[in-house]
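Visitor: Any chance you could fold what I've pasted below:
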Amino acid sequence: MFRMWGKLWKNNHLIQDTVACIYTYDRSRTAMVLQALEDICYEFDLGKPIWLDANISDFRRVSKTRFTQDCFIEQIPFDYLEIQVIEE
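Guide: Numbers count the residues shown, from 1 in each chain. You can find the predicted model right below:
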């Protein structure tokens with residue numbers, strides 16, 4: 001099972017979180033990450049963020065990254081969305 005934890009942070013406080021689960025390994029890791037991110041954004045009622053070079057670099061290094069206002073087209077009511085792979 002592939003699981004990714006999504007967290008919304010504002011003023012250094014966790015305001016909401018969810019875990020996206022993908023039960024089958026019938027696709028690549030990249031496809032599973034993108035699907036889990038889409039599920040998390042759907043749960044939080046957010047538009048999908050744009051992956052900047054810094055996000056890609058962080059995610060490749062530690063399987064965790066933060067999406068700030070720069071990554072979203074619309075205004076967001078929180079400081080950042082953090083995603084982290086918790087099980088592969």
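
Visitor: Could you count how many residues lie near the nearest residue to L52 once chain neighbours are set aside?
Guide: Leaving aside its chain neighbours, L52 sits nearest to C71 (6.1 Å; criterion: CB to CB, 6 or more residues apart in numbering). C-beta coordinates here come from the backbone N, C-alpha and C atoms, glycine included. C71 is flanked by 19 other residues according to other CB atoms under 10 Å.

Visitor: same question, F72
Guide: 17.

Visitor: how close does it sit to T24?
Guide: Plainly put, F72 is 30 Å away from T24 if you go by CB to CB, to the nearest Å.

Visitor: got a list of what the residue nearest to L52 touches?
Guide: 49-52, 55 (CB atoms under 8 Å, 6 or more residues apart in numbering).

Visitor: Which of those residues ranks first by neighbour count?
Guide: Busiest of the contacts of C71 [other CB under 10 Å] is P49, holding 22 neighbours.

Visitor: Next, give phi and psi for that one.
Guide: phi -80, psi 160 (degrees, to the nearest 10).

Visitor: my guess is it meets C41, correct?
Guide: Yes. Assessed by CB atoms under 8 Å, P49 is found in contact with C41 at 7.5 Å.
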